[in-house]
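Novice: sequence? don't have it. structure:
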């Protein structure tokens, strides 16, 4: 019944009886970059940091590789360990639900949203960035998908997300770290919008069409195809099973009733 049932949620491989997903491969690559970065720091090799770290002014001068390379210079820290745990756990769960292609699209968006935002602000505000970012957005994506899941202290995921966003925002404000504050909310906002879009819960405004000069014959109202009606019904039933019927919005309740009516008409 799920909208995302395919071969994609299957793991890439198995290792000692454990499923290995794309998220785990990304974690392994980041850990390797951590080891290389630590060796460079120990040997006092500074050139890679100067050439690979993100700098908005350098990108405007044509050094666009910095949009990609910035995330592969990771200094050893406890925050890096926490980020990798977030990536391994929530990343693999998102990959199981959405499939590999959608997960990689989400990861790429979180990877690029911060440097692209800083690049856009570059002419007025010079910013630098070093080390992977955006993994907190995977947690926000998971919470958007399962807002009612209970974590520690029996708190629902949605409240934990708001608490963490508030704490991190206060930390960045107290340090006057505007760059980190912007990155936090940019990645969180992107993750939320991405998941809601995949759920079909967002409708984007459309440009008005130019008026037709010649009058046309009225056409019969468009009948929703059978597979589209079924997909709508499946998506809403999945949400009810996951979060309860109270989680449906007024628009979703109307969609559910309309889909049920059309199916009854066809069976009748």
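Specialist: Structure received. The structure displayed is predicted, hence computed values, not measured ones.
Novice: distance of residue 143 relative to residue 235?
Specialist: As defined by CB to CB, to the nearest Å, residue 143 lies at a distance of 19 Å from residue 235. To be clear about C-beta, it is placed using only N, CA and C from the backbone, and glycine gets the same treatment.
Novice: those two: who's more crowded?
Specialist: residue 143 (25 against 20; other CB atoms under 10 Å).
Novice: where's that one relative to residue 93, distance?
Specialist: According to CB to CB, residue 143 stands 11 Å off from residue 93.
Novice: now residue 185
Specialist: Taken as CB to CB, the span from residue 185 to residue 93 is 23 Å.
Novice: quick one, which of the two is more surrounded?
Specialist: Between residue 185 and residue 93, counted using other CB under 10 Å, the more crowded position is residue 93 (18 against 15).
Novice: isn't the more buried one up against residue 141?
Specialist: No: with contacts defined as CB atoms under 8 Å, residue 93 does not count as touching residue 141, sitting 9.5 Å away.
Novice: residue 111 contacts residue 71, correct?
Specialist: Yes: with contacts counted by CB under 8 Å, residue 111 reaches residue 71, the gap being 6.5 Å.
Novice: need the contact list for residue 86.
Specialist: Counting by CB atoms under 8 Å, 6 or more residues apart in numbering, residue 86 makes contact with 135, 136, 138, 139.
Novice: count the residues that sit near the first one.
Specialist: What that stands for is residue 135. Residues near residue 135, counting by other CB under 10 Å: 25.
Novice: confirm that residue 24 sits in a helix.
Specialist: Yes: the assignment for residue 24 is a helix, going by DSSP: H, G, I helix; E, B strand; the rest coil.
Novice: tally of neighbours for it?
Specialist: 20.
Novice: residues touching it, list them.
Specialist: Applying CB under 8 Å, 6+ apart, the residues contacting residue 24 are 88, 92.
Novice: any idea how far it lies from residue 93?
Specialist: Relative to residue 93, and taking CB to CB, residue 24 is found at 12 Å.
Novice: the domain parsing of the chain - what is it?
Specialist: By the assignment in automatic domain parsing, the chain contains the domains 13-186, 226-267.
Novice: check which helices and strands the helix or strand hosting residue 240 sits against.
Specialist: Taking DSSP states H and E as the definition, one finds residue 240 inside helix 226-243. Taking 3 or more CB pairs under 8 Å, 6 or more residues apart in numbering; DSSP states H and E as contact, the helices and strands that helix 226-243 lies on are helix 250-267.
Novice: list the helices and strands the helix it packs on packs on?
Specialist: The elements that helix 250-267 packs onto, with contact taken as 3+ CB pairs under 8 Å, 6+ apart, are helix 226-243.
Novice: quick one: mean pLDDT over the helix it packs on.
Specialist: Predicted confidence along helix 226-243 averages 70 (mean pLDDT).
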